[in-house]
Every structure is written in structure tokens, then in C-alpha cells.
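>>> make a model of this:
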Amino acid sequence: MSVPPPVRLAVLAGGALVLGSAAALSLGGLREGDRPAPDRPTAAAAPSRPGAPPAGGMEARALGFRLLTVADPGEVLAGMDSLVRAAEQGDVEAQVSLGRIYLKGLPSVSKDAARARAWLLRAALSQHPSAAYFLGVMSQNGDGVTADPTEAARWFEIAARGGSPDAMFLLANAYRAGAGVPRNDRRAVELYESAGEREHPAALQALAMAYRYGELGLDPDEAESRRYTMEAEHAIQHRQAPP
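Here you go, the predicted model:
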């Protein structure tokens, strides 16, 4: 049987579909050396509303996503001020929101990988899956740190245990490629299936291709390939909750 060309997988990261190949990831918990530096990151010249309580919890999460779409600099900086105050009071969702914003960057808030990592590390102390996911992506891509597939896998493992389908998919890719973890096709299939149960389109696509070509230790099965293809097409119609 001829060997098919490498399958290009659609990686859902941060709400955007990106074509790519297998990624890298790993195991474990937050270590002493992962703790952020004590100097606190702050939003530059962010105006605050006197007496207004900072956004916290799911309100902070919603505000963080809203700021990614807002064009008005004053509104963005006011929102950043609210998030910073909540994050410094220990609100984990605010810490993740700040990490996400600094990782992406906005017209009125410069991208700052070091500051993003500092906030995400604070949130990761609470085992927040989104914080671990973004820390894994940063380690995988060498964004603000030296690229390290083993460290990326460690963070993705934490995020996957927390229920992140995006992390499950990337960790499956790592086990498939042996990147940062020992190659393990069975574990890759398990993770693709777990992500697929959460309607992750790329994971379902990976399973469809694996059954089509007999990859990952699976026997070729056209019926299963069609089933997973249909599930992927269905899942892609539904917006996934972003990490």
C-alpha cells in the first residue's frame, strides 16, 4: 500500500483555524522555577473609573474577549485597568485575559510576550486550563522563551487534564510525532477521540484521515472515515469556546 502524503491538520488555536502539522507537548505540574517574577505587570497609562469595582470571574473573561474586538483606545485602556486591578487581587480569569491580550497585542496595547507569560504563570498556579494551554503554545513556538517541545507538552498535558480540547489535539499531535514525549499512537488516538467528543473539528479530521489511510495503528475503515468526516463538518459549523 502506498504511503499517503503527510496529512495537514487544521489546528484550532485561539478561535482561528490554522493549517499546520504535528505539534509538540508534555506532563507535570507547575514547578518552583515557573513562578513569575515579583515585579508586577501593569497596563500603560490605563484610565480608571473612580469607585468602579474591577471586573472579576466570568465578567473578566467576557471583558477580555471584548477588548480583543474594541477599536476605541480609551475603552481598551479602561478595560485593561479593570482587568489589572482584578488580576492583582488574585482573579484568575482576569490574569488569563491579560495573558491572552498581551500575547496577541492590540492597536493600543503592544504585544508583550514576557508580560503575557507572567500573567499566565500566575493563573497557572490555579491549574487553569487556558493558562496552561497558552503557556504550552508559547513554549512550542518559542514565543518569549526558547522553543522547547518537552516543556510545551508538559503544559498541554495540564491543560488537557483540565478539559481543553485544543490542548488535547496538540498533545495528540505530539504523541503522534514523538515531539517532546515518546511516540505513542494509541495515546494519540485517545486524545483525538477525547477532543472529538468535545466537537474539535481538527481532531475529528485527524481521525477521519487515520481511518482512511490506516494510520496510528488503526485498520483502514471507509465507514469510520466517513463518519468522522461528517462529524468534523458538523463540528466546524459550531463555534468552539475559545481557550
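>>> tell me the first helix or strand C-terminal of the lowest-mean-pLDDT helix or strand in the chain.
Ranked by mean pLDDT, DSSP states H and E, the helix or strand of the chain with the weakest confidence is strand 16-20, at a mean of 35. As assigned by DSSP states H and E, the chain's next helix or strand after strand 16-20 is helix 57-67.
>>> what packs against that next one?
Counting contacts by 3 or more Cβ pairs under 8 Å, 6 or more residues apart in numbering; DSSP states H and E, helix 57-67 packs against helix 73-88, helix 92-104. All C-beta spots, glycine's among them, are computed from the backbone N, C-alpha and C.
>>> would you mind finding the most buried of those?
Mean neighbour counts were taken over the helices and strands packed on helix 57-67 using mean count of other Cβ atoms under 10 Å, and the top value, a mean of 25, falls to helix 92-104.
>>> how about the CA coordinates for that helix, as CSV?
Extracted C-alpha coordinates of helix 92-104, given in CSV (Å, rounded to 0.1, in the frame of the first residue of the first chain):
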residue,chain,number,x,y,z
VAL,A,92,-7.6,34.0,37.7
GLU,A,93,-9.9,34.8,34.8
ALA,A,94,-8.6,38.4,34.7
GLN,A,95,-5.0,37.0,34.8
VAL,A,96,-5.8,34.7,31.8
SER,A,97,-7.5,37.6,29.9
LEU,A,98,-4.4,39.8,30.4
GLY,A,99,-2.1,37.0,29.2
ARG,A,100,-4.2,36.4,26.1
ILE,A,101,-4.3,40.2,25.3
TYR,A,102,-0.5,40.7,25.8
LEU,A,103,0.2,37.5,23.8
LYS,A,104,-1.9,38.8,20.8
